[in-house]
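Enquirer: fold the following and give me the result.
(chains A and B)
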Amino acid sequence: MIPIAYPLVLAVILFCMGIVGFLLRKNAIVIFMCLELMFNAANLVFITFANHYQVIDGQVFVVFVMTVAAAEVAVGLALMVTIFRTKQSIDIDQMNSLKG
Amino acid sequence: MTLIDLYSILPAATLIVWALFLLLANFWFSKRQPVWTPILAGAGLLASLVVSIFFTGKPMAGFGGFILVDGFSNFLTPLFAVTGIFAIGLAYDYLRRMGIQRGEYYTLLLFSISGMMLMASAGDLIIVFLALELLSIPLYVLSGFAHPRVDSQESALKYFLLGTFASGFFLFGTSLVFGAARTTNLTDILAIVSSGEADTMLLLIGSALMLAGFGFKIAAVPFHSWTPDVYQGAPSPVAAFMSVGAKAAGFAALIRVFSMIFPSLAAELTPIFWALAALTMVVGNVVAIAQTNLKRMLAYSSIAHAGYLLMAFVPFGDAVTRSNSVASALFYLTVYALASLGAWAVLIGMEGEDNQGTEISDLAGLGKTSPLSAAAMTVFMLSFTGIPLTLGFWGKFYLFRTAIEGGFVTLAVIGLITSLASAFYYLRVVVKMYFQEGQPEFHWNFWTSSVAIFTALALVVFSFMPGSLFDLALRSMLTGS
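Expert: Below you'll find the model as predicted:
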C-alpha cells in the first residue's frame, strides 16, 4: 500500500502550483485551469483520507466538488465568451475599466 | 426523507421550487407584462418569510444532522428573505431605466438567497460548501448582468476568478479538517476535537485556510481587494444585495463553523481574528476617506463594517461571552443591512446612464430638490457612523461592550477611534447634500423610495427600543452551545 504521505505531498504541490499559476498567469482561461488544479488538490486529500480511514464522507464530498466545479466552468466560460465578444481579448491585464 | 427533513429545509426549498417556476413563468411574462416577474418573485420571498417564521420555530436536525435548525438559523433566514424583498424593490426601476430588464435577475436572486438560507442552517461541511457555491454562482452572473457594459463584465470576471480562488482555499482547508477529524459533520467534529483525538496541526492549518475563504466572502482585509471594483462595476441593486446578503451569509458560515467546532483552538486563532478585525477596521475606514465616488465609498464602508463585525467574533472561544458575542454580531448585521440597503436605494435614485450621478459631489443640493431622500440618506450616514438616535449607535454599543467583556479593550479602542475617523467621510455626504448648491437629477420611483424610507424609519424607530431587538438576537443560540 502507498504510504499516506505520498498523495498528501502531491496534493500540497498541486495546490501551491494552482496558487502560483493564479497569481502569475495573465490569460483568464489558464487562470481558470489553475483554479481547477486547486480544487482537485483538495479532492486528492479527501480521497486519500477517505481511503486511509475507510470512511465514505470524503468520497461523497469529492462527487459534490466535481459537480460544483462543472457548474462553475459553465458560468466562468460563459462570462469569458461575453467579455471576448466585447473586447476581443481575455487578457486580465487589459481589464482596466475599473480603477484599482 | 421524513417530514422533519422537509420542515428543516422548507424556507429554502420553497424558494428553489418557486425560482424554477418563475423561470418558466418569465417566458410568458417577459414579452407581455414584465412587471409580473418581480411581483411573483416578491410573493415567493414573502411565502418563504412566512414559512421561516411560522413553521420552523423549534430547534431540530434534518437529514441526519446535515441541516441544523436552531435559534441562529431562525434569526438569519427571515433576514435573508427580507433582504431579498428589498433587493427586488431596488431592482425593478433600475433595470428598466438601464434597459436591462431581464427576468432572469429575479430567478438568480432567489437561488442565491436559498443558498444563504442553507448556509445559515448548515450542519455539515458538505452543506457549507454547497451553500457557499449556491449563493456565489448566481452572484457571479448577476454582477455581469449589465452586459454588454464593459465594467459590469469585468467586475463579473474579477468576482468569479477571486471567488473561485477563495473557494479553493476553503475546500483545501475543509479537506485537511476532514483529515484530522475523520468526518465532515460539524457535531461529530466537535466531539472529536474536544476529545483531543484530532491532529491539532492539521486542524489549525485547515481552519486557517477556511478562514481565508470566508474572509473573502465577508470582504475582510487583506482579502478585500475585489470589493470596490465589483461594487462599482456591478449593477447597483446587485451591489446592494451583495453588500448585505453575501456578507451576512459569510458571517453566518464563519460563526457556525468556528464557534461550533473550533472553540478549543481559540488560543491559537484569537490573535489572528484580532489582527484581521483591527486591520479591516483601519484600512476600510482610512481608504474610504480618500474616495470621491459614492459606490466606492460604500464599498470601503462595507469593508470597515466587516471589521466591526469581526470584533464581535474575536472572543468566540470564551464560553461565557459567546452568546453575547453571537447576539451582538447578529444585531450589528441587522443594523448594517438596513442602513446599507437604504444608502444604496438613494444611490440608485441618483444613478443615471453610464454611472452618471454616482460621484459624492453629484449629491450637492439634494437637500433642497429632494428633501425626503436627503433626510433618509442622513439617517443612513448617521447610523453608519454610530451616532445616537439611530440604531447604528446601539449596534456599536453592544459590539464594544462584547469586546470589553471579552477582555479586548485595545481592540475596542481601535474601533472607537476608527468610528470617529469614519464620521469624516460619512458626514461629508450630509454636508454636501444640505450646505452646497447644485442641481442633482433624482429619479423618483415608488419602490426604490419605499425601501429608503422604510429602512430609515426602522433605523430611527428601533433606536428607541434596541433591547427588544437585542433580546431577539440573544435567543439565537447555536446548537451545542
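Enquirer: where do the helices sit along the stretch 151-300 of chain B?
Expert: B:186-195, B:200-218, B:226-233, B:236-241, B:247-254, B:260-261, B:266-289, B:294-313 (DSSP state H, counting those that start in this stretch).
Enquirer: ugh, wrong one, I meant the stretch 301-450 of chain B
Expert: Using DSSP H, counting those that start in this stretch, helices in the stretch 301-450 of chain B cover B:322-350, B:366-369, B:371-385, B:391-405, B:409-435, B:446-461.
Enquirer: return the most buried member of those helices.
Expert: helix B:322-350 (a mean of 26; mean count of other Cβ atoms under 10 Å in any protein chain shown). In this view, the C-beta of every residue, glycine as well, is placed from N, C-alpha and C.
Enquirer: helices or strands next to that helix in the packing?
Expert: Judged by 3 or more Cβ pairs under 8 Å, 6 or more residues apart in numbering or on different chains; DSSP states H and E, helix B:322-350 is in contact with helix B:71-98, helix B:236-241, helix B:247-254, helix B:294-313, helix B:371-385, helix B:391-405, helix B:446-461, helix B:466-474.
Enquirer: including mean pLDDT and distance to B:Arg322, could the ones you listed go into JSON lines?
Expert: Supplementary listing: the helices and strands packed on helix B:322-350 in JSON lines, determined by pLDDT from 0 to 100; distance: least, Cβ to Cβ, whole Å:
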{"stretch": "helix B:71-98", "mean pLDDT": "93", "distance to B:Arg322": "12"}
{"stretch": "helix B:236-241", "mean pLDDT": "96", "distance to B:Arg322": "30"}
{"stretch": "helix B:247-254", "mean pLDDT": "94", "distance to B:Arg322": "14"}
{"stretch": "helix B:294-313", "mean pLDDT": "94", "distance to B:Arg322": "10"}
{"stretch": "helix B:371-385", "mean pLDDT": "95", "distance to B:Arg322": "27"}
{"stretch": "helix B:391-405", "mean pLDDT": "93", "distance to B:Arg322": "10"}
{"stretch": "helix B:446-461", "mean pLDDT": "95", "distance to B:Arg322": "27"}
{"stretch": "helix B:466-474", "mean pLDDT": "87", "distance to B:Arg322": "11"}
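Enquirer: out of those helices, the one nearest chain A is which?
Expert: Closest to chain A of the helices and strands packed on helix B:322-350 is helix B:294-313 (Cβ to the nearest Cβ; 8.1 Å).
Enquirer: is chain B within reach of the top helix by length along chain A?
Expert: Looking across chain A with DSSP state H, the single longest helix is helix A:57-87. Yes - using Cβ under 8 Å from any Cβ of the partner chain, we find that helix A:57-87 touches chain B at A:57-58, A:60-61, A:64-65, A:68, A:71-72, A:75-76, A:79-80, A:82-83, A:85-87.
Enquirer: redo the helices of the stretch 301-450 of chain B as CSV? Include distance to B:Ser167.
Expert: Conversion of those to CSV gives the following (distance: least, Cβ to Cβ, whole Å):
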stretch, distance to B:Ser167
helix B:322-350, 22
helix B:366-369, 40
helix B:371-385, 30
helix B:391-405, 29
helix B:409-435, 29
helix B:446-461, 31
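Enquirer: and B:Asn26, which of the ones you listed is closest to it?
Expert: helix B:446-461 (18.8 Å; Cβ to Cβ).
Enquirer: now the closest one against helix B:322-350, angle please.
Expert: Going by axes from the mean of the first three to the mean of the last three Cα atoms, to 10 degrees, helix B:446-461 is angled at 140 degrees with respect to helix B:322-350.
Enquirer: ok, residues contacting helix B:446-461?
Expert: Helix B:446-461 is contacted from outside by B:86, B:89-90, B:92-94, B:335, B:338-339, B:341-342, B:345-346, B:348-349, B:372-373, B:375-377, B:379-380, B:383, B:389-392, using Cβ atoms under 8 Å, 6 or more residues apart in numbering or on different chains.
Enquirer: for the spatially most central residue of chain A, which non-adjacent residue is spatially closest?
Expert: With distances taken as Cα atoms, centre = their mean, A:Glu36 lies nearest the centre of chain A, 2.0 Å away. With sequence-adjacent residues excluded and distances taken as Cβ to Cβ, 6 or more residues apart in numbering or on different chains, A:Glu36 is closest to A:Ala69, at 6.5 Å.
Enquirer: what's the local residue count around the one you found?
Expert: 20 (other Cβ atoms under 10 Å in any protein chain shown).
Enquirer: do B:Ile16 as well
Expert: Using other Cβ under 10 Å, the number of residues around B:Ile16 comes to 20.
Enquirer: that's a helix at it, yeah?
Expert: Yes - assigned with DSSP: H, G, I helix; E, B strand; the rest coil, B:Ile16 falls within a helix.
Enquirer: test my guess that it contacts B:Phe111.
Expert: Yes - contact criterion Cβ atoms under 8 Å: B:Ile16 and B:Phe111 qualify, at 7.0 Å.
Enquirer: any idea which of the helices of the stretch 151-300 of chain B gets closest to A:Asn40?
Expert: Of these, nearest to A:Asn40 by Cβ to Cβ is helix B:200-218, at 15.7 Å.
Enquirer: narrow the residues of helix A:57-87 next to chain B to just the buried residues.
Expert: Buried members of the residues of helix A:57-87 next to chain B, counted by 16 or more other Cβ atoms under 10 Å in any protein chain shown: A:57-58, A:61, A:65, A:68, A:72, A:75-76, A:79-80, A:82-83, A:87.
Enquirer: on that earlier part again, so what's the gap between the longest helix of chain A and the chain middle?
Expert: Mean-position distance between helix A:57-87 and its chain equals 9 Å (Cα atoms, centre = their mean, to the nearest Å).
Enquirer: angle of it against helix B:186-195?
Expert: Compare the direction of helix A:57-87 with that of helix B:186-195 by the same axes, to 10 degrees and you get 120 degrees.
Enquirer: count the residues that sit near residue 12.
Expert: No chain was given, so I picked chain A. By other Cβ under 10 Å, the burial measure for A:Val12, its neighbour count, is 15.
Enquirer: I was thinking of chain B, sorry if that wasn't clear
Expert: Number of residues near B:Ala12 (other Cβ under 10 Å) recorded here: 26.
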